[in-house]
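Engineer: Please work out how this folds:
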Amino acid sequence: MGKKCYAAIDIGSNAARLLIKREEENENLVSRRLAKVLLLRVPLRLGFDVFALGKLSDERIVKMRRLMKAYRQLMKIYEVTDFRACATSAMRDAKNGKAVINKILKDTGIHIEIIDGQEEARMIYNNHVECLEDRTGNFLYVDVGGGSTELNLMINGELVQSLSYNIGTVRILSGAVKQETWVTMEDDLRRLTSGFPDINIIGSGGNINKLYRMATDKDKKTQRLPIASLQQLYDRLKPLTPEQRMKDFSLKEDRADVIVPAAEIFLFIARIIQAEYIHVPVIGLADGIIDALYLRDQEKKQR
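Structural biologist: Have a look, this model is predicted:
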């Protein structure tokens, strides 16, 4: 039985990622783990079309098809044995999403599944729970994307509730977040967290990873970013233009604009639940997709 190689394609509202991991056997051949072989991130920025026009533009469709063809070739080169492609918020909202997906399937053989917010939240959460040494305590798992924010409330290691809101970085920049959505999120959070003390945030998504790396005041050992430190960073970034942020903080163009609304979402949630810090493990949907594929194979073997 050869070593398996898994891939995940995560098509978000800002970027599309290809993650490839290969199975590694330890000397004792008992425990296997997955090692990262390749991670590619291409800023497709689908959300800027969808949240403004309600659909993907022809130009963006061409780019997406080309990218999927490239990802298909890379999966062949790395001899990927199993993969899953998932699209999230922007594709959920695109009027022509289904048609684009059918065309890509014909062109490349890649079947893209549009997953809902609940499944997205669950997959990221499941992947991350594996990485939590300490399951005790109360956490709100927050994944901020371009089109939506997924929340999972964990009380002493138990998942109590999964929620998804149409509040995302690209959606905010496009002026497409309704005021009542913020109100609903605030009401839900107050209701769900009342009576639970000391809730802190576990943050996920490219922006919080970047903000964590940029912050000077943080606890590297426990991968914690104090809310006060995030607020300071936000206060420095907010008045600058995206061009200034690129220059002063060496940010990429497709990060320089979305990073501020991302910080806003995290600060908004932190204020409501009175969190003191954000725990930032570097994990996302693509890891969750691969872990689920790997788990399924392990279960098949045991049967």
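Engineer: burial count for A286?
Structural biologist: Using other C-beta atoms under 10 Å, A286 has 25 neighbouring residues. Where C-beta positions appear, they are placed from N, C-alpha and C, glycine not excepted.
Engineer: Same check on E243?
Structural biologist: With other C-beta under 10 Å as criterion, E243 counts 11.
Engineer: phi, psi of the closest residue in space to it that isn't next to it in sequence?
Structural biologist: Nearest non-adjacent residue to E243, counting by C-beta to C-beta, 6 or more residues apart in numbering: A256, 7.5 Å away. Main-chain torsions, A256, degrees, to the nearest 10: phi -60, psi -30.
Engineer: Show me where the stretch 101-250 of the chain has its strands.
Structural biologist: In the stretch 101-250 of the chain, the strands defined using DSSP state E, counting those that start in this stretch lie at 112-114, 138-144, 149-155, 158-165, 199-204, 224-226.
Engineer: which strands and helices sit next to the fifth one?
Structural biologist: It stands for strand 199-204. Counting contacts by 3 or more C-beta pairs under 8 Å, 6 or more residues apart in numbering; DSSP states H and E, strand 199-204 packs against helix 117-129, strand 138-144, helix 259-273, strand 277-279.
Engineer: Could you list every helix and strand in contact with the longest one?
Structural biologist: Which is helix 259-273. strand 138-144, helix 169-173, helix 179-193, strand 199-204, helix 206-214, helix 227-237.
Engineer: For the shortest one, list the C-alpha coordinates in CSV.
Structural biologist: Think helix 169-173. The C-alpha trace of helix 169-173 is given here as CSV (Å, rounded to 0.1, in the frame of the first residue of the first chain):
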residue,chain,number,x,y,z
THR,A,169,-14.1,41.4,5.0
VAL,A,170,-14.9,41.7,1.2
ARG,A,171,-18.6,42.0,2.0
ILE,A,172,-17.8,45.0,4.3
LEU,A,173,-15.5,46.6,1.7
